[in-house]
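**Q** okay, structure incoming, though there's no sequence with it:
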């Protein structure tokens with residue numbers, strides 16, 4: 001996703017000394033690389049994101065046709081496919097913006113003394129993107145288009161018990177789920193309390209509360225989810 005910093009800091013002085021010197025970051029050379037390649041570094045992200053959006057639109061259009069012909073099983077499968085692609089699109093957008101901020105920092109003179117520091121800076125920027133993330137997936141728009149065909153808002157079936165959850169990037173190695181206490185592998189962020197949970201744990205938590213005819217509450221704040 002970003003330049004391999006070790007490849008831009010190796011000495012070229014020749015002789016035995018260069019052969020045993022540890023790779024090091026040369027900030028100016030890395031900044032020059034970032035400046036010269038900023039467009040190409042981000043172009044691939046934009047291209048793939050655009051392709052994802054085209055796929056999502058195609059899936060939605062096909063689902064509209066299936067709904068008109070009452071092919072409910074196909075609509076359900078297409079809904080799952082759409083969410084899969086929209087999740088990937090959402091993750092790529094976060095990665096792209098984090099990379100954009102990192103590259104701009106390099107161009108503005110920010111220095112990193114090792115490849116590890118550069119990697120950590122990227123991960124930190126990505127987490128900042130996630131903390132401010134309140135954008136839902138396209139699932140609500142999908143439902144409006146598909147089930148709006150019948151012009152009956154009561155017809156649309158529920159999406160499930162996790163409508164107020166947002167899929168976010170899976171790069172959350174340092175975050176622990178408030179429910180399980182373990183490192184998060186598949187994160188979902190609540191649009192109500194803004195906490196990030198392990199997907200399976202929060203879905204099960206909400207299902208259990210629903211079976212008891214109770215409101216699921218955030219384990220940290222007690223807010224109704």
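**A** Received the coordinates, thanks. Just so we're clear, the structure is a prediction, and the values are computed from it rather than from any experiment.
**Q** tell me how far residue 184 lies from residue 99.
**A** Here the distance between residue 184 and residue 99 works out to 22 Å (Cβ to Cβ, to the nearest Å). For glycine as for every other residue, the C-beta is placed from the backbone atoms N, C-alpha and C.
**Q** please name every helix or strand in contact with the host helix or strand of residue 96.
**A** Residue 96 is part of helix 72-107, with elements assigned from DSSP states H and E. Applying 3 or more Cβ pairs under 8 Å, 6 or more residues apart in numbering; DSSP states H and E, one finds that helix 72-107 contacts helix 27-68, helix 115-131, helix 139-147, strand 165-167.
**Q** flag every buried residue along that helix.
**A** 75, 78-79, 82-83, 85-103, 105-106 (16 or more other Cβ atoms under 10 Å).
**Q** break the chain down into its structural domains.
**A** 1-9+22-159, 160-225 (automatic domain parsing).
**Q** give me the mean pLDDT for the shortest one.
**A** Right, the one you point to is domain 160-225. Averaged over domain 160-225, pLDDT sits at 72.
**Q** how about stretch 42-59?
**A** On average, stretch 42-59 scores 87.
**Q** so what touches it?
**A** Residues outside stretch 42-59 that contact it (Cβ atoms under 8 Å, 6 or more residues apart in numbering) are 78, 81-82, 85-86, 88-89, 92-93, 95-96, 99-100, 103, 138.
**Q** among those residues, which two are most distant?
**A** Largest separation among those by Cβ to Cβ: 78 and 103, giving 36.8 Å.
**Q** okay, and residue 205 sits in which element?
**A** helix 199-211.
**Q** show me what that helix is packed against.
**A** strand 165-167, strand 187-190.
**Q** can you give me the buried ones in that helix?
**A** The neighbour-count check on helix 199-211 (16+ other Cβ under 10 Å) flags 199, 201-203, 205-206, 209 as buried.
**Q** just stretch 189-199 next, same as before
**A** Buried residues in stretch 189-199 (16+ other Cβ under 10 Å): 189-190, 193, 195-199.
**Q** pick the one among the contacts of stretch 42-59 closest to residue 219.
**A** residue 86 (27.6 Å).
**Q** could you check how far the closest one is from residue 62?
**A** Residue 86 is 15 Å from residue 62, by Cβ to Cβ.
**Q** same question for residue 87.
**A** Residue 87 is 19 Å from residue 62, by Cβ to Cβ.
**Q** go on, residue 47?
**A** Counting by Cβ to Cβ, the gap from residue 47 to residue 62 is 23 Å.
**Q** quick check on residue 215: phi, psi?
**A** With angles defined as degrees, to the nearest 10, residue 215 sits at phi -80, psi 130.
**Q** specify the beta-bridge partners of the nearest residue to it once chain neighbours are set aside.
**A** Among residues not flanking residue 215 along the chain, residue 224 sits closest, at 4.5 Å (Cβ to Cβ, 6 or more residues apart in numbering). Counting by DSSP bridges, residue 224 is bridged to residue 217.
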